[in-house]
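# 3D, please:
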Amino acid sequence: MKKDFFAIYDALTAGMDESGGRIRAAAGYSRWSLAETDRRLGIAMTTEGDSVPPLFPAGFEGLFLKEAAEAAKSWNFVEAGMGLASANAWYNTEERMERLGCYLPFETFYTAGLDFRGKTVGLIGHLHGPEEMYSQSAAVHIMEKHPHPGDYPDSACEYLLPRCDIVLITGSSLVNKTLPRLLELCRDAYTVVTGPSTPMCPALLELGIDRLAGLVITDPDGMRAHAAQARDGSPYPFGKPFMLAK
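Here you go, the predicted structure:
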């Protein structure tokens, strides 16, 4: 029996309904994609790749968040970024996170409580981790599509991830469709999906993910300007971090 590649994406939309409202503005800027209703703003990393025709050629304005989130499945990655931003506009809200009790103080890493001693750690993307991750681990392997000196190319995932004990994965892997395969490769590891693109959807914790660490935008004006002007730096100054764990 073949595994459902889109199970993660279906879990996202299954938890949504029309109460999130309709999208009044959506834009894919050079670094960040935004989807906004009258009450919510979601973001996701913009990923190059629009060779495939979009699922919604007329755009996202006027669509319910649940409908627009279907575009996260799109193989047009520019469109998929806006689809994931739509899902994040639904899931990544202060009210929802406060009900779940999962606020993560800025000074606390999303790796809090993990024991790195003697472990082999895999990082998908250049993720910021605590000093003890590097000092206590037996090895830290960084795998990147655009590797820096010392990084492994992303093709090394097939060989290195099955050997890892802890794997930290950027949430933008949902946009480029690599997350389902990455989770298969590290099914015996403790997995953390993290970053501003991460949807805080509890159902994902039943699909091979042990922790979700994401961002809720609390300063929409600042985030809009940050994205539209392609400013350097992360979006974290414009929101609050949260973490969900099994």
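
# alpha carbons only for contacts and neighbour counts from here, please
Will do.

# which residues of the chain fall in strands?
With strands called from DSSP state E, the chain shows them at 25-28, 32-36, 41-45, 120-124, 139-144, 152-153, 166-170, 190-194, 211-217, 239-245.

# may I have the strands that pair with the shortest one, each with its orientation?
Under the criterion DSSP bridges, strand 152-153 sits next to strand 139-144 (parallel) in its sheet.

# let me see the contact set for the spatially closest residue to residue 205 that is not a sequence neighbour.
Leaving aside its chain neighbours, residue 205 sits nearest to residue 246 (6.3 Å; criterion: Cα to Cα, 6 or more residues apart in numbering). For residue 246, the contacting residues are 205, 210-211, by Cα atoms under 8 Å, 6 or more residues apart in numbering.

# re earlier: any idea which of the strands of the chain is most buried?
Ranked by mean neighbour count, the strands of the chain are led by strand 41-45 with a mean of 30 (mean count of other Cα atoms under 10 Å).

# can you list the helices and strands that it packs against?
Identification of packing neighbours for strand 41-45 by 3 or more Cα pairs under 8 Å, 6 or more residues apart in numbering; DSSP states H and E yields strand 32-36, helix 77-91, strand 211-217.

# so which of these is nearest residue 175?
helix 77-91 (5.6 Å; Cα to Cα).

# low-confidence bits of this structure, can you list those?
Residues of the chain meeting the criterion pLDDT under 70: 1-3.

# mind giving me the domain split of it?
7-98, 104-215+239-245 (automatic domain parsing).

# tell me which of these sits most buried.
Taking mean count of other Cα under 10 Å, domain 7-98 is the most buried of the domains of the chain, at a mean of 22.

# now do the helices in the protein.
7-14, 65-69, 77-91, 94-100, 131-136, 157-160, 179-185, 220-228 (DSSP state H).

# reformat the ones you listed as JSON lines; add distance to residue 106.
Conversion of the helices of the chain to JSON lines gives the following (distance: least, Cα to Cα, whole Å):
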{"stretch": "helix 7-14", "distance to residue 106": "26"}
{"stretch": "helix 65-69", "distance to residue 106": "28"}
{"stretch": "helix 77-91", "distance to residue 106": "20"}
{"stretch": "helix 94-100", "distance to residue 106": "15"}
{"stretch": "helix 131-136", "distance to residue 106": "15"}
{"stretch": "helix 157-160", "distance to residue 106": "30"}
{"stretch": "helix 179-185", "distance to residue 106": "26"}
{"stretch": "helix 220-228", "distance to residue 106": "18"}
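
# which one, of those helices, ends up nearest to residue 238?
Closest approach to residue 238 among those is made by helix 220-228 (5.9 Å; Cα to Cα).

# which other helices and strands contact the closest one?
Helix 220-228 packs on strand 32-36, going by 3+ Cα pairs under 8 Å, 6+ apart.

# the strand it packs on vs strand 41-45, what angle?
Strand 32-36 runs at 160 degrees relative to strand 41-45, counting by axes from the mean of the first three to the mean of the last three Cα atoms, to 10 degrees.

# any residues touching strand 32-36, and which ones?
By Cα under 8 Å, 6+ apart, the surrounding residues in contact with strand 32-36 are 23-28, 41-46, 81-82, 85-86, 89, 224, 227.

# out of the strands of the chain, flag the one nearest residue 72.
Of all those, strand 41-45 sits nearest to residue 72, with 10.3 Å by Cα to Cα.

# what strands line up against the closest one, and which way round?
strand 32-36 (antiparallel).

# now the partner strand - C-alpha only, PDB.
Provided in PDB are the C-alpha atoms of strand 32-36 (Å, rounded to 0.1, in the frame of the first residue of the first chain):
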ATOM      1  CA  TRP A  32       8.100  36.100   2.700                       C
ATOM      2  CA  SER A  33       4.600  35.300   1.500                       C
ATOM      3  CA  LEU A  34       1.700  36.800   3.400                       C
ATOM      4  CA  ALA A  35      -2.000  35.900   3.600                       C
ATOM      5  CA  GLU A  36      -4.300  38.200   5.500                       C
END
